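Chemist: Model the structure of this input:
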Amino acid sequence: MSCLRRVHISRLLLVAALVGWVSGLIATITPRVMASEIDPEYRVGAEDVMQISVWKDEQLTREVVVRPDGMFSFPLIGDVQAEERTVEQIRSDLVQRLAKYIPDANVSVAVTRVSSYKVYVVGRVNKPGEYVIGHYADVLQALSLAGGLTPFAAENDIKVMRRVRGEQHAIPFRYGDMRKGRALDQNIVLQRGDVVMVP
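Modeler: Residues are numbered from 1 along each chain as shown. Got it, this is the predicted structure:
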């Protein structure tokens, strides 16, 4: 085998390895969420996917995707508000609105894929990136998902960046104090789109 050919094959192997590594990284930081892992109090958001079943009516049983406006379309009744509602609230709304077509409808609603509850962990953590999770998470849980802090992280200078009505707010978080059991109330629940910055 010529030297040039060996170099060419080596490059192909390197590219294949890099593609595999990147694919693995993406799978790690954007995990798929099983329906059984979703908190019953989880509030649905845009891009979430739900399975809606109406007992003894296969034509109404379907998978729906929440649109960017927070609604989804359903036969007979049109648009249904989903954003910032629990699955039980959505189910009750469906039963009420379907009542004039199907009295005492037996309806079930389940979130099958969460795409809206995203938080971001950046900076000196082992696995920085976007995390899609099916339950509410606090700062410590987000840091755990990101593999924890690296050795040179400034553990008492962490900030949660949150956008409120168009304005950016920085919420301090002192990891060192948390490790010592102090100031536990700073371990706040993260909101959609929050960014945990670790300098």
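
Chemist: Nearest residue to the middle of the protein?
Modeler: Centroid-nearest residue in the chain: residue 132, 2.5 Å away (criterion: CA atoms, centre = their mean).

Chemist: who's it bridged to?
Modeler: Taking DSSP bridges as the rule, residue 132 bridges to residue 118.

Chemist: do you know how far it is from residue 86?
Modeler: 19 Å (CB to CB, to the nearest Å). For glycine as for every other residue, the C-beta is placed from the backbone atoms N, C-alpha and C.

Chemist: now do residue 199
Modeler: Counting by CB to CB, the separation of residue 199 from residue 86 is 36 Å.

Chemist: So which of those two has more stuff around it?
Modeler: Between residue 199 and residue 86, counted using other CB atoms under 10 Å, residue 86 has the larger neighbour count: 17 against 12.

Chemist: show me where the chain has helices.
Modeler: Counting by DSSP state H, the chain has helices at residues 3-29, 87-98, 139-145, 175-179.

Chemist: Could you tell me the least trusted of the ones you listed?
Modeler: Lowest mean pLDDT within the helices of the chain: helix 3-29, at a mean of 41.

Chemist: my read: residue 80 touches residue 71, true?
Modeler: Yes: using CB atoms under 8 Å, residue 80 is in contact with residue 71, at 6.3 Å.

Chemist: Just give me the neighbour total for the residue nearest to residue 39 when sequence neighbours are not counted.
Modeler: With sequence-adjacent residues excluded and distances taken as CB to CB, 6 or more residues apart in numbering, residue 39 is closest to residue 135, at 4.0 Å. The number of residues packed near residue 135 is 14, by other CB under 10 Å.

Chemist: Okay, residue 145 and residue 51: tell me how far apart.
Modeler: Applying CB to CB, the value for residue 145 to residue 51 is 26 Å.

Chemist: who has more neighbours, the two?
Modeler: Legend: neighbour count by other CB under 10 Å for residue 145 and residue 51, higher for residue 145 (20 against 16).

Chemist: Now for residue 148: which residues touch it?
Modeler: 125-126 (CB atoms under 8 Å, 6 or more residues apart in numbering).

Chemist: List the contacts of the nearest residue to residue 101 once chain neighbours are set aside.
Modeler: Nearest residue to residue 101, sequence neighbours excluded (CB to CB, 6+ apart): residue 76, at 5.1 Å. Contact partners of residue 76, counting by CB under 8 Å, 6+ apart, are 60, 98, 101.

Chemist: count of residues packed around the second one?
Modeler: Put plainly, it is residue 98. 20.

Chemist: Equivalent analysis for the first one, please.
Modeler: Around residue 60 sit 19 other residues, with neighbours defined as other CB under 10 Å.
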